[in-house]
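K.L.:
got a sequence here, can you model it:
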Amino acid sequence: MINEITSEDLKMGPLELFIRASHGNNFKIYIAKKGDEIPSSFGDPGYVDEDFQEWQLTNMRAINSRINEDFGVTIKEVSDPSKSFMFVYASNSDQYSVNGDKPPENYLTDGPVYNAFTMIMGHSEWYRIDGDRIQRAKTGDELTQEEKDDWTKVYLHEMGHALGLEHPWDKGDGDWATDNSNEISPTDSVMEYSARDSAGNIYTWYSEVDVKALEEIWGKADEIPPILSITPYTKLADRDSGGNPRAEVFLAEGEDTSVSINLSYEDVEENLDKRDENNNSIYRLQESGGKFTVQHPDTGEDTYIGYSEIIFTDRTVKINIPNSAAEYPNGDGEITTGLKTDPYLKYSLSTSLDASKNTLKAHTEDILSGTLNFNDGDNIIILDGQAKTYRGLRGDDTYFVSQLLPEKGKVSITDTEGSNTIQIPSNTYIDKTLFTKNAARLTLENGREITISKADGFTYNVGGNKVDGTLGQDLTFSEFAKAFGITDVLNLSSSENGIYADMYII
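P.N.:
Now for the predicted structure:
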């Protein structure tokens, strides 16, 4: 089968994309040096046997930079390999791959995932000295431009995998355009092995369909990445709707804790030793800590979480499920902090106004000096320029932050008692933001600047309005910072500007 490649054929399934969203849109990589230990979850440690050559580093970083410029993701090199999402290293071999050596069950783990993947960048046979694979690769001076371009295209391909693109023949998520790697589709892609661009040249950037797929995963630059709203769970009602086998994770909902599988338990059990042409398992039965995984060539690999019984056509399997979500173990047997059932991002900013809502404007041109102190009651405090400092006391106060504040006005909020809320109504323009682990500064349109002390103690209500009864969306400090691209605000060691700017609260 050879079909024209679509963006859906190139995008990995929800579970794989969910893992890649672990760090939000800050994709941390470590470019290894010779002698570095290669992260591994089993066996004796391995060590990097080559340094990247300068031309390779230059080309890799140029690709990373363009990805940062074109898509809603920031590839960031880090100096500590233990804090990277992907470990990238040169290998004195002809092996190229992105491997999930120990991909955690990220749907059972809170917080960023580190060392989830390794990228191996080897050297083709023709780069060897006299064809000897034991000898190191030729130096940059010994390589032709075509050889350099070929190696660079492979890095582009592997980085595509790291960002959530698959081969057009990969069937794990239930869609594919070609049956094997030897087939070239009518629409070429960097994610094919031997495809070239329309002029017959080696790809030096992603093709049109590749770009479309990456934008559907990460968005364009300065947009909220769609990947941050992905959940790995599929509703049980949608289990068989795709028409093709695919890997999925199902989470029990409410009182519905039984699931029927149209497979014979005995048939699966009798074939557990069978492998495909790539020596991969194609049958599997596994129960562990409230999870049950079953794999069959007709259905793919499915994991059921929180179901008390799995009903096969010839047997019912009873499962001892944990008493609470917090008791589920991850792949290493460690108890997690709970199942992730919500998307990564609860709120998205907008590049345009909400035409159905009014836009507030300042009714005075000046900010009065001094501090405005409030009483112990539950106050609604409107920042309108009547003071430079707004201070609440013991009540549960709501601070209404909007463009009612005069232009170029700089004010601050101080309130350490009670359960307090920062409310920002729809159509408030956020020019830029600055965060520390316990403070925030919001700059609105025309230089309006609000500094919030002890910002980690506030709830942030976005799009709401106490005056007209609009509810809005409540966010924690971490969730509020994440909406602006700060993925781990509570662990910042210094101040950091929000990635997303020039956008509207809607």
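
K.L.:
alpha carbons only for contacts and neighbour counts from here, please
P.N.:
Fine.

K.L.:
any idea how far Phe435 is from Thr359?
P.N.:
26 Å (C-alpha to C-alpha, to the nearest Å).

K.L.:
of the two, who's got more company?
P.N.:
Using other C-alpha atoms under 10 Å as the criterion, Thr359 and Phe435 rank with Phe435 on top: 23 against 16.

K.L.:
ok, the more buried one - contacts?
P.N.:
Shown in contact with Phe435 (C-alpha atoms under 8 Å, 6 or more residues apart in numbering): 441, 481, 489, 495-498.

K.L.:
let me know whether Asp276 touches His296 as I believe.
P.N.:
No - proximity of Asp276 to His296 does not meet the contact threshold set by C-alpha atoms under 8 Å, at 11.6 Å.

K.L.:
Gly464: how many residues sit nearby?
P.N.:
Around Gly464 there are 21 other residues, counting by other C-alpha under 10 Å.

K.L.:
ignoring the adjacent residues along the chain, who's closest to it?
P.N.:
For Gly464, ignoring the flanking residues on the chain, the nearest one in space by C-alpha to C-alpha, 6 or more residues apart in numbering is Gly472 at 3.6 Å.

K.L.:
cool, and Thr316?
P.N.:
Nearest non-adjacent residue to Thr316, counting by C-alpha to C-alpha, 6+ apart: Ile310, 5.7 Å away.

K.L.:
and for that neighbour, the neighbour number?
P.N.:
19.

K.L.:
and Thr204, by the same measure?
P.N.:
Based on other C-alpha under 10 Å, the number of other residues close to Thr204 is 18.

K.L.:
before we move on, what about Asn280?
P.N.:
Neighbour tally, Asn280, other C-alpha under 10 Å: 10.

K.L.:
low-confidence bits of the stretch 251-400 of the chain, can you list those?
P.N.:
277-278, 331-332, 336-337 (pLDDT under 70).

K.L.:
where exactly do the helices run in it?
P.N.:
With helices called from DSSP state H, counting those that start in this stretch, the stretch 251-400 of the chain shows them at 265-270.

K.L.:
who's in contact with Thr118?
P.N.:
39, 86-89, 98-101.

K.L.:
so how far is Asn427 from it?
P.N.:
Note on Thr118: its distance to Asn427, by C-alpha to C-alpha, is 43 Å.

K.L.:
dump the C-alpha coordinates for stretch 466-484 into PDB.
P.N.:
The C-alpha atoms that make up stretch 466-484 are tabulated as PDB, following Å, rounded to 0.1, in the frame of the first residue of the first chain:
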ATOM      1  CA  LYS A 466     -17.000  39.600  39.800                       C
ATOM      2  CA  VAL A 467     -19.000  42.700  38.700                       C
ATOM      3  CA  ASP A 468     -21.100  41.000  35.900                       C
ATOM      4  CA  GLY A 469     -21.000  37.500  37.300                       C
ATOM      5  CA  THR A 470     -18.700  35.900  34.700                       C
ATOM      6  CA  LEU A 471     -17.100  32.900  36.300                       C
ATOM      7  CA  GLY A 472     -13.800  32.500  34.500                       C
ATOM      8  CA  GLN A 473     -11.200  29.800  35.000                       C
ATOM      9  CA  ASP A 474      -9.400  29.300  38.300                       C
ATOM     10  CA  LEU A 475      -5.700  28.500  38.100                       C
ATOM     11  CA  THR A 476      -3.000  27.800  40.600                       C
ATOM     12  CA  PHE A 477       0.200  29.900  40.400                       C
ATOM     13  CA  SER A 478       1.900  27.000  38.600                       C
ATOM     14  CA  GLU A 479      -0.900  26.700  36.100                       C
ATOM     15  CA  PHE A 480      -1.000  30.400  35.500                       C
ATOM     16  CA  ALA A 481       2.700  30.500  34.900                       C
ATOM     17  CA  LYS A 482       2.400  27.500  32.500                       C
ATOM     18  CA  ALA A 483      -0.100  29.400  30.400                       C
ATOM     19  CA  PHE A 484       2.700  31.800  29.600                       C
END
